[in-house]
Structure formats: structure tokens, C-alpha cells
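Asker: below are the sequence and a predicted model; questions follow.
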Amino acid sequence: MKVFNTETNEVVFEKAGLHSMGIMDFVFSSNPNEVITCSNDRTAKVWTVNIEAKTVDMVRELVLSEDDLAAYKENVDKQSLGIIGFDKSILSVSMNSDINSWQEDNNSASHTLRGHANSVSAIANFNDKGMVSVDLDGRILFWSVETGEAQRPTSQMRHKIQALTVCTNSNNVYTSSQDSTMGHFVYSDGTLKPARDEMVKKHFSIKTMTATDEHVYVLYNDKSIEVLKADDVSSVVVRTDQIKSLGAAKGELSGMVYSKAKNELWVCDEKGFVHILDAATLKPVMPESEAIELKTVYGHPGLSMAASNDGGSLVAVGDAKGYITVFDVETRA
């Protein structure tokens, strides 16, 4: 810290070592001669500056909550970037968009507002218990629809690089990442807890997935499909080889959804065709020679799919031109 004389522009005095890393921001508090700093060392500090005595004395050192101090050295995203002071509280924002709040009688952050610092890549309704979102930094957040606040799973577990997909069943959340890993979290007492000690490594990155209480259906970017056990995603029930084509169109597979109504997987491709697989065997429901040609309403490439909440009596396909095509699962119309 350097203190300047504003008339002469000379340095009155300076003091080094206020933080162990760089000071990213500071503000003057409402108390006379008091300054608040925040740093890359993940702390905020309150100082009293005595100009005449040329001293800087620390009043308080503010640290993150106990939960955020775990895996301290490995979490660059907890470095503090900005600070603001009020009469009875101090707020700082971290690199990962967490806003930490300290009250006047507590030197450990008493409350943390969490958010995303990068693009949100996927979001899912978790059985009306809340919303789960993942982002390109690999962060996973569980949002309360009542308060609008988010919490992380109760651990430091996250994807090392960008998260791509998220899906849920009645009590589990599944996530995936560009590094070909899957995350598995269990809902308990209003929070998400890891079902395993680490992410599950898969053979390829995941394009999309959907889950029931018994199984997780996964479409990989290498054009293969797997059915996994819902309570143990490292266990494969059935898998396909690389699917080079489905039907005469030979389009790249782009979306998949499960319909409980007939225990089927509906898959769309980038040429606008829709294909139906038996969810138990992953075989086409009808041979190619007998298959009914199903296609998006104007033949545009399929991008996303959803099944109706009544067990999947309807399947919807969103296409590249912004249209939605809805199919009747029973009649295929």
C-alpha cells in the first residue's frame, strides 16, 4: 500500500506484505481512516491507516466459509476480485462469481451467493425440487426455485473442464463433461451429495443423456449408445457399437429421449429423420425395410428432444430452423 500527498504527489509512506498475493481491490469504509482490501490470496482485510504516524494496522482478517476453504490451494476461482463495504457488512466477489458476505461480528463468511462465471451449457428441472445447471467451467449448481439462490453439491467435486449435459431422475442428478467423465449426485435433506468419491470415466464424451429411476441412457459423441444402471453409472447394462447409420438417411445422431409409454428410445439426426430403438436391447423397433419414415415437419436437422410428463406419450423434436415437431408415440403420427 502506498499513501500519496495529493498536493505534491509525493509518497508519504508505504507498507508491503499486507497480503500474500496481489491486492485486487480496496475501498474506504465509513469509519475514519479505515481501508478494506481484497486479494488473490482469497482473504479480505480491514486496516486502520494513521497518516501522521505512518502506520497501517490490521483490524480484521476476513476468510471464506469453512466449506469454501476446502481444497484451498487448488481453487484459483476463489480468488477475490472486488470488494464493497457497508456499515455492518462487507461483500466481496470471487473469480467464480461467488459473492461472500461478512457481518461485523464474524470473520468467516456468513453467507455466500453463488452463480456462474461462464456460459451455462445445460439446465434441468430436478423433479420440481429445484433446478440444476452446469457451465463451461465445469461448475454444477443446484437452484432453489423459492429463493432463487444456488448451492454447490456438498463437496469440492466438479468437472475439470466444460460440462456438457445434465439429466435427473426422482432422486439423482447426472452430469457429463468434455473430458469424458460423468458425475453422479444424490438428493438428500435439500442438498446434492456425491454418490461416488470421484467422477466416472467413460470411453467418450457425451452428446446427450436421459434417465429413469432404473437406467441412464447415454448417447456418446462417437455415435454409440449405452444403458447404465441408475444407482451405479460405472455399470453398463447394454451398449451398441458405433452407429454409422440408422435408416437410409445416414444422418449424424443429434438427440435422444426415453418414452416410458412403450419403453423406447427416440433418436433424431442431423438430416431431420427420427428413429425408434427398443430401450432394453437398443435395436431398431422395426427393420429398416419395414420402418415408417419419421421426419421433422419440414425436414430440418433435429437438435433437441423431450418427452411429455405423462410417461412419454408424446415426443417433441426441436430443429435447426426453430420449429418443433410433436409425435404421438403410440401411432407414430
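Answerer: It's in.

Asker: C-alpha only now, for contacts and for neighbours.
Answerer: Fine.

Asker: for the residue nearest the centre of the chain, list each beta-bridge partner.
Answerer: In the chain, the centroid-proximal residue (CA atoms, centre = their mean) is residue 134; its distance is 1.7 Å. Residues in a beta bridge with residue 134, per DSSP bridges, are residue 122, residue 140.

Asker: residue contacts, it?
Answerer: 120-123, 140-141, 163-166, 175 (CA atoms under 8 Å, 6 or more residues apart in numbering).

Asker: and the end-to-end length of stretch 227-234?
Answerer: 10 Å (CA to CA, to the nearest Å).

Asker: next one: stretch 63-77
Answerer: End to end - CA to CA - stretch 63-77 spans 15 Å.

Asker: before we move on, what about stretch 240-254?
Answerer: 16 Å.

Asker: with stretch 187-204 instead?
Answerer: 27 Å.

Asker: ok, stretch 176-183 next?
Answerer: Per CA to CA, stretch 176-183 runs 6 Å from first to last residue.

Asker: could you dump the contacts of residue 134 into a markdown table with distance to residue 113, neighbour count and pLDDT added?
Answerer: Output for the contacts of residue 134, formatted as a markdown table (distance: CA to CA, whole Å; neighbours: other CA atoms under 10 Å; pLDDT from 0 to 100):
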| residue | distance to residue 113 | neighbour count | pLDDT |
| --- | --- | --- | --- |
| 120 | 17 | 18 | 95 |
| 121 | 20 | 16 | 95 |
| 122 | 20 | 17 | 94 |
| 123 | 19 | 18 | 95 |
| 140 | 14 | 27 | 94 |
| 141 | 11 | 21 | 94 |
| 163 | 21 | 29 | 94 |
| 164 | 23 | 24 | 93 |
| 165 | 23 | 23 | 95 |
| 166 | 22 | 26 | 96 |
| 175 | 22 | 27 | 97 |
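
Asker: can you list the buried residues in stretch 298-317?
Answerer: Neighbour-count burial for stretch 298-317 flags 299-307, 312-317 (criterion: 16 or more other CA atoms under 10 Å).

Asker: please compute how far it lies from its chain's middle.
Answerer: 24 Å (CA atoms, centre = their mean, to the nearest Å).

Asker: and what of stretch 293-307?
Answerer: 27 Å.

Asker: same thing with stretch 324-333?
Answerer: Using CA atoms, centre = their mean, the offset of stretch 324-333 from its chain centre is 32 Å.

Asker: can you tell me what sits against it?
Answerer: Residues outside stretch 324-333 that contact it (CA under 8 Å, 6+ apart): 259, 261-262, 294, 296-297, 312-318.

Asker: just those residues: which are in strands?
Answerer: 259, 294, 314-318 (DSSP state E).

Asker: now the residues you listed as JSON lines including distance to residue 52 and pLDDT?
Answerer: Output for these, formatted as JSON lines (distance: CA to CA, whole Å; pLDDT from 0 to 100):
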{"residue": "259", "distance to residue 52": "76", "pLDDT": "95"}
{"residue": "294", "distance to residue 52": "83", "pLDDT": "92"}
{"residue": "314", "distance to residue 52": "77", "pLDDT": "97"}
{"residue": "315", "distance to residue 52": "75", "pLDDT": "97"}
{"residue": "316", "distance to residue 52": "73", "pLDDT": "98"}
{"residue": "317", "distance to residue 52": "72", "pLDDT": "97"}
{"residue": "318", "distance to residue 52": "70", "pLDDT": "97"}
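
Asker: nearest to residue 5, of those?
Answerer: Taking CA to CA as the measure, residue 5 lies nearest residue 318 of the ones in strands among the contacts of stretch 324-333, at 64.3 Å.

Asker: how many residues are close by the nearest residue in space to residue 113 that is not next to it in sequence?
Answerer: In this structure, residue 113 finds its nearest non-sequential neighbour in residue 99, 5.0 Å apart by CA to CA, 6 or more residues apart in numbering. Applying other CA atoms under 10 Å, we find 19 residues neighbouring residue 99.

Asker: correct me if wrong: residue 99 contacts residue 114.
Answerer: Yes: Residue 99 lies in contact with residue 114 (CA atoms under 8 Å); the separation is 6.5 Å.

Asker: residues contacting stretch 135-146, please?
Answerer: 115-122, 129-134, 149-153, 158-164, 177, 191-192.

Asker: just the buried ones from these?
Answerer: Counted by 16+ other CA under 10 Å, the contacts of stretch 135-146 give 115-117, 120-122, 129-134, 150-153, 158-159, 161-164, 177, 191-192 as buried.

Asker: note down every partner strand of the helix or strand residue 57 falls within and its orientation.
Answerer: Secondary structure assignment for residue 57, by DSSP states H and E: strand 55-62. Within its sheet, and counting by DSSP bridges, strand 55-62 is paired with strand 44-50 (antiparallel).

Asker: for residue 302, which non-adjacent residue is spatially closest?
Answerer: residue 319 (4.3 Å).

Asker: mind listing what the one you found touches?
Answerer: By CA under 8 Å, 6+ apart, the contact list for residue 319 reads 272, 296, 300-304.
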